[in-house]
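# Using only what follows, build the 3D model:
(chains A and B)
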Amino acid sequence: MSIDIETAKKIASLARLKIPEAEEQQVATDLSRILEWVGQLDELDVAGVEPLANVNDNTLGWREVDEVTDGNQPEAVLANAPSKTADFFTVPKVVE
Amino acid sequence: MSKITDLTATELKAELDKKNISPVEVTEDYIAAAQRGQEATNAFILTTFDQAREAARQSEARYAAGTARTMDGLPIAMKDLYCTKGIQTTAASRILEGFVPQYESTVSQKLADAGCITLGKANLDEFAMGSGNITSAYGNVISPWSGKDPANAARKLIPGGSSGGTAAAVAGRFAVAGTGTDTGGSIRFPAAITGIVGIKPTYGRCSRYGIIAYASSLDQAGPMTRSVGDAALMLREMAGYDPKDSTSVNTPVPDYMEALGKSVKGLRVGLPREYRLDGMPAETIGVWDKGAQMLRDAGAEVVDISLPHTKYALPTYYIIAPAEASSNLARYDGVRFGQRKEGIDLADMYEKTRGAGFGAEVRRRILMGTYVLSAGYYDAYYRKAQRVRRLIREDFIKAFNVCDVILTPPATSTAFGIGENNNDPIQMYLTDVFTVTLNLAGLPGIVVPMQLCADGLPMGLQLIGKPFDEMTLFTAASALEKEAGFNAVPPFVG
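Residues are numbered from 1 along each chain as shown, chains lettered A, B, ... in the order given. Below you'll find the model as predicted:
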């Protein structure tokens, strides 16, 4: 599987990750090589094998009581905000 | 009594209990050692000596009052992947520079509750993605073993990664023990090449709450120490169910100390033939054979086993781990915490923030993960890797029908130099060939130092156990430790 520059840019855009133009070719080359390498898995016939997502087959337990255990700490929540106003995170304008 | 910093955690605790030394003296000695160690190795991203001194005074008061705890007064290194309340936590990434957690990870809290004193936040590969501690935004960690080989004295060696700062501090005797995390070998590989003990417990044994996530179905916390007994002492405190982590398992934590020194007579030790790779240095095979012979001499039965899907473990890992990472690292968007780079609109701000904040290896894994999860490729890559993951796990389940533990090399060779082996990402990925299988299968594994090789550098062996059977691992590991009698110290220690 070969990744061209256009595909690399599309993946970067999906990942919301800016790649400097000068590095685009290198990124495409690296990804192509890694994909080719992981392509070894095609040697295996995995028909009928259930995918394994969680080794311990955990399931979420039920809450014994429905009560508030944490919260109401706006100062702690906002303590590391790069930008804030009153009790809000602020971001660039998203609505014209 | 020997020099304070030469004692293991267990020995140091015994001296503290006998009041031969005080926690304040111990901490001052370790701070002095850590200052020198930091200059030589860059093992810490942040040192927390003031807090350590305060904690030492509190520890001293507990000893005076007769209320000392199980690890009271022991100075440790905390991998900078564990969130520590009020103390900067970076994951070795530029994007988290200045991030001060408002809460404490469960495991670091448990260690503090046991009386441990944290000397600082230990360096690592950025977001724990790496095997050499060469992707940190805060500089490489240099192994305290550098300069050991007189023929190559100027060569700066990797301490292994990702838990390289902790490995350097423990091996260099400027922390008595430390914490690591292991997603594909990040505790065991550095332990193996720095001559210390490291255990990755069974997935679910320790809480992941407050540990910055890399690949959530693989990440586990574990101790890195100077003896098997120290690892047992420390894991006993770190392990346990936590309602804040739904993947932690609600099963009792046995007293691992009771496993130490027990006989291995009749223990069945499996040697997987697939771990005997073509082109592996004869010395690595030699250490392995010697370890098997030691266990045989101690009464164990050595059996040949097969783990047929071993060669597919690394490609499987390099689909699953980046996929989970791309999802976990979506949270670094410049909105709620971490660094932000302004942009002309929201999407531009995200892209610039993440482009500037993440290093090359992290970017590569995010892109790889995004690709294998994207429409049209999900089944061909991600689903397929999850199916192979089951085959890898079934290999181990079958093997454990005929053996109780498995003995393997933890690494193909001794430490390599910084700048060697890392022009090609795949070459670096191959480092984890013997460790990554356990993460995929969720199994516990411990590395025990064995000997110095011809280049003067340490090499260990790995023992793999059944799920939640860390007790048998500790028994076998303590037998191996006793037989090997490894006591070499790196040139940094002198």
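
# The residue nearest to B:P458 when sequence neighbours are not counted - how many residues pack around it?
Nearest non-adjacent residue to B:P458, counting by Cβ to Cβ, 6 or more residues apart in numbering or on different chains: B:G195, 3.2 Å away. Placement of C-beta: from N, CA and C, glycine included. Other residues lying near B:G195 total 29 when counted by other Cβ atoms under 10 Å in any protein chain shown.

# Where do the helices of the stretch 101-250 of chain B begin and end?
In the stretch 101-250 of chain B, the helices defined using DSSP state H, counting those that start in this stretch lie at B:106-113, B:164-171, B:188-194, B:228-238.

# What is the shortest one packed up against?
Going back to what we said before, that points to helix B:188-194. Helix B:188-194 sits against helix B:164-171, strand B:177-182, strand B:197-200, strand B:445-452, strand B:458-465, with contacts defined as 3 or more Cβ pairs under 8 Å, 6 or more residues apart in numbering or on different chains; DSSP states H and E.

# likewise the second one?
The contact analysis (3+ Cβ pairs under 8 Å, 6+ apart) places helix B:164-171 against helix B:23-41, strand B:44-47, strand B:75-79, strand B:117-122, strand B:177-182, helix B:188-194, strand B:220-225.

# coming back round to it: can you tell which of the helices and strands packed on helix B:188-194 is closest to A:A79?
Closest approach to A:A79 among these (Cβ to Cβ): strand B:177-182, 24.1 Å.

# What residues sit buried inside stretch B:240-252?
B:240-242, B:245, B:247-249 (16 or more other Cβ atoms under 10 Å in any protein chain shown).

# Up against chain A, what does the stretch 1-150 of chain B have?
Residues of the stretch 1-150 of chain B found near chain A (Cβ under 8 Å from any Cβ of the partner chain) are B:98-100, B:102-103.

# Let's have the buried residues of stretch B:240-252 in CSV, adding pLDDT.
Output for those, formatted as CSV (pLDDT from 0 to 100):
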residue, pLDDT
B:G240, 98
B:Y241, 96
B:D242, 96
B:D245, 95
B:T247, 94
B:S248, 96
B:V249, 95
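
# Mind picking the two most distant members of those residues?
Checking the buried residues of stretch B:240-252 with Cβ to Cβ, the most distant pair is B:G240 and B:T247, at 13.2 Å.

# Could you find the closest non-adjacent residue to B:L407?
Nearest non-adjacent residue to B:L407 (Cβ to Cβ, 6+ apart): B:V269, at 5.2 Å.

# and the stretch 351-494 of chain B, which residues reach chain A?
So the stretch 351-494 of chain B meets chain A at B:351-352, B:354-356, B:358, B:363-364, B:366-368, B:370-371, B:374, B:381, B:383-391, B:393, B:425-426, B:441-442, B:467 (Cβ under 8 Å from any Cβ).

# Which ones among those residues map onto strands?
Among those, no member is found in strands (DSSP state E).

# Just name the closest of the buried residues of stretch B:240-252 to B:S59, please.
B:G240 (22.1 Å).

# Based on its surroundings, how many neighbours for the residue nearest to that closest one when sequence neighbours are not counted?
Spatial nearest neighbour of B:G240, excluding adjacent residues (Cβ to Cβ, 6+ apart): B:V253 at 5.2 Å. For B:V253, the neighbour count with other Cβ under 10 Å is 17.

# thought B:V253 was touching B:R236?
Yes: applying Cβ atoms under 8 Å, one finds B:V253 in contact with B:R236, separated by 6.6 Å.

# B:I158 versus the residue lying closest to B:P281 once chain neighbours are set aside, what's the distance?
Spatial nearest neighbour of B:P281, chain neighbours left out: B:S413 (5.3 Å); criterion: Cβ to Cβ, 6+ apart. Distance of B:S413 to B:I158, computed by Cβ to Cβ, to the nearest Å: 12 Å.

# So for these two, which sits in the more crowded spot?
Remark: of B:S413 and B:I158, B:I158 carries more neighbours, 32 against 17, as counted by other Cβ under 10 Å.

# Quickly note the distance from the nearest residue to B:G98 once chain neighbours are set aside to chain A.
Leaving aside its sequence neighbours, B:G98 sits nearest to B:Q88 (Cβ to Cβ, 6+ apart; 6.6 Å). The gap separating B:Q88 from chain A is 10 Å, by Cβ to the nearest Cβ, to the nearest Å.

# quick one, what contacts B:Q88?
Counting by Cβ atoms under 8 Å, 6 or more residues apart in numbering or on different chains, B:Q88 touches B:45-46, B:98-100, B:121.

# give me that answer again for 7 Å
Listed by Cβ atoms under 7 Å, 6 or more residues apart in numbering or on different chains, the contact set of B:Q88 reads B:46, B:98-100.

# again, but for B:E301
With Cβ under 7 Å, 6+ apart, B:E301 has these contacts: B:266, B:268-269.

# Give me the subset of these lying in strands.
Counted as lying in strands by DSSP E, out of these, are B:268-269.

# Looking at the contacts of B:E301, which is nearest B:S217?
When those are compared for distance to B:S217 (Cβ to Cβ), B:V269 wins out at 28.4 Å.

# Look up how far chain A lies from that closest one.
From B:V269 across to chain A, the span is 23 Å (Cβ to the nearest Cβ).

# quick check: mean pLDDT across stretch B:16-36?
Across stretch B:16-36, the average pLDDT comes to 98.

# and if you look at stretch B:84-95?
Here the average pLDDT along stretch B:84-95 is 98.

# Determine how far the last residue of it lies from the first.
Length of stretch B:84-95, first residue to last, Cα to Cα, to the nearest Å: 17 Å.

# Check stretch B:123-139 too.
For stretch B:123-139, the first and last residues are 8 Å from each other (Cα to Cα).

# which of the residues in it are buried?
B:123-138.

# How about stretch A:11-22?
If you call a residue buried by 16+ other Cβ under 10 Å, then stretch A:11-22 has these buried ones: A:11-12, A:15-19.

# which of those residues lies closest to B:I31?
A:L17 (40.3 Å).

# Next, the contact list for the nearest residue to that closest one once chain neighbours are set aside, please.
With sequence-adjacent residues excluded and distances taken as Cβ to Cβ, 6+ apart, A:L17 is closest to B:R354, at 4.8 Å. B:R354 is in contact with A:16-18, B:332, counting by Cβ under 7 Å, 6+ apart.

# before we move on, back to that, pick the most buried one from the helices and strands packed on helix B:188-194.
Highest mean neighbour count among those (mean count of other Cβ atoms under 10 Å in any protein chain shown): helix B:164-171, with a mean of 36.

# what's the model's confidence in that one, averaged?
Averaging pLDDT along helix B:164-171 yields 98.

# Could you do stretch B:55-66 as well?
98.

# Up against chain B, what does chain A have?
Contact residues, chain A versus chain B (Cβ under 7 Å from any Cβ of the partner chain): A:11-12, A:14-19, A:27, A:30-31, A:33-34, A:37-38, A:40-41, A:44, A:46, A:49-56, A:58, A:60, A:76, A:79-83, A:89, A:91-92, A:94.
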